[in-house]
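Undergrad: I need the structure of the sequence given here:
(one chain, ligands or ions: 1)
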Amino acid sequence: MSGGLEGVIAAETVISNLDESGTVWVRGHSINELVSNYGYEGTIALLWEDFAGTGLTRESVIAQLGADRALAFSRLEDWLPKAAHRPLIEGVRRALASLPEDSSASAITATLTVAITALLRAQNGQPPMAPNVTLTTSADLLRTIRGEPAEQRFVNALDTYLTTVIDNGLGTSTFAGRVIISTQASLASAMLGAYGAFTGPLHGGAPSLALDMLDRIGASGDIEGWLEHALAGGERLIGFGHRMFRKRDPRADILRSALQRLDPNNQRLVFAQEVERRAVGALARYKPGRRLEANIEIDAALLLDAIGITREAFTPIFAVARMPAWIAHALEQRKSGRMMRPTSHYIGRQSIDTK
Ligand code: ACO
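TA: Below is the predicted model:
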């Protein structure tokens, strides 16, 4: 019995793969190539080909997502009034729950982006801002969050982020989506479940906590002492460890380069590098043999922060990256998979019925 299901092969996929060197491949392309030559919508075209359409291109995906953002905007009244003053994570969940049962891949993805900006604006007492259907997701997200077009370097940085973290195989949220759709439930239901699985601090909920941790370490004035105290108390260091990446996640370097291009003198990065170096050493002492290296969360959090995204929005924006991959995996499961139904090993009381 493996409570964490490690090593269990639960699906066959043509979508993405994490190889032994720690490189993520999406439809045969490395993340480096996707960032340089495809961008977020170009990568969605690859992910969705044969699952959510055929002959998809970056341009066709930009156009479809734009049209579906307009549709999502027209439906804000269905859910926004009650969600507007709830925490962002919950507000986004309500938005996804409001989707019609037969929603398309593009409608679900577009609703997520429109929901995030409408909720962020509501928190600041601002009305929702209509999407510009001709823009990329990154450009329109930043435009509607800020209320004005963002400089291209910020748009590029967000596009790099969304593309870099778009998929890494059968993550917990991807698996959750596959389990749900394996019962022939709707794509909308599967995506609501995948999003729910994603929000936990051990998974997509981590990036804002990574910045909180850096702040706490900074305030203590003693990196080594703080780490020792945290590990001695059984705390998990956010931004370290991963079920699949046993070496430092190479995607962190892509995010770090994007941050260095955007903000060459980022002081937080200098501090974070020092924390990372010492944390890896401390983890090796406290958890010998576990190989706990940096995952992407600290670099992701620093990049999103430099782009001007508030911490509360880190996880929902991370979900914008992952949604297209959850969708591709779920539709692949629907096409070729069986209903998922594992077994539990009973360890409770035996035969206590009275005759
Ligand atoms: N800090 C301290 N101890 C850790 C950490 C950490 N970051 N990560 C793992 N450990 C410990 C565990 O407590 C466990 O110790 P034990 O064997 O004495 O009980 C041991 O190392 C092995 O860890 P597992 O829990 O088996 O690792 P698992 O593969 O289940 O967990 C996970 C991976 C959840 C990412 C874990 O490393 C973690 O909690 N990291 C911190 C949170 C984080 O950064 N999450 C984002 C992940 S990236 C993503 O999902 C998008």
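
Undergrad: so who does residue 269 touch?
TA: 256, 259, 260, 302 (CB atoms under 8 Å, 6 or more residues apart in numbering). C-beta coordinates here come from the backbone N, C-alpha and C atoms, glycine included.

Undergrad: quick one: mean pLDDT for the one helix or strand it maps to?
TA: Take DSSP states H and E as the rule and residue 269 turns out to sit in helix 267-286. For helix 267-286, mean pLDDT rounds to 96.

Undergrad: flag every buried residue along that helix.
TA: 268, 269, 272, 275, 276, 278, 279, 280, 282, 283, 286 (16 or more other CB atoms under 10 Å).

Undergrad: one more: stretch 192-205?
TA: 192, 193, 194, 195, 196, 197, 198, 199, 203, 204, 205.

Undergrad: for the last one, give its distance to the ligand.
TA: Computed as CB to the nearest ligand atom, to the nearest Å, the residue 205 to the ligand distance reads 8 Å.

Undergrad: start at 48, not 1
TA: Happy to do that; since the first residue is 48 now, the last one works out to residue 252.

Undergrad: who's in contact with that residue?
TA: By CB under 8 Å, 6+ apart, the residues touching residue 252 are 136, 245, 246, 362.

Undergrad: need phi/psi at it.
TA: Backbone torsions for residue 252, taken as degrees, to the nearest 10, come to phi -80, psi 0.

Undergrad: the stretch 148-297 of the chain: helices as residue ranges?
TA: 152-170, 184-193, 199-211, 219-228, 234-245, 253-267, 270-279 (DSSP state H, counting those that start in this stretch).

Undergrad: which stretch among those comes nearest residue 103?
TA: helix 152-170 (10.2 Å; CB to CB).

Undergrad: what is the burial count for the closest residue to the ligand within the stretch 248-397 of the chain?
TA: Here the residue of the stretch 248-397 of the chain nearest the ligand is residue 288; by CB to the nearest ligand atom that distance is 2.2 Å. As a burial measure, residue 288 scores 18 neighbours (other CB atoms under 10 Å).

Undergrad: skipping adjacent residues, who's closest to it in space?
TA: Excluding its sequence neighbours, the residue lying closest to residue 288 (CB to CB, 6 or more residues apart in numbering) is residue 339, at 4.4 Å.

Undergrad: now do the phi/psi pair for the closest residue to residue 93 other than its chain neighbours.
TA: Among residues not flanking residue 93 along the chain, residue 74 sits closest, at 4.3 Å (CB to CB, 6+ apart). Torsion angles at residue 74 (phi, psi; degrees, to the nearest 10) stand at phi 50, psi 40.
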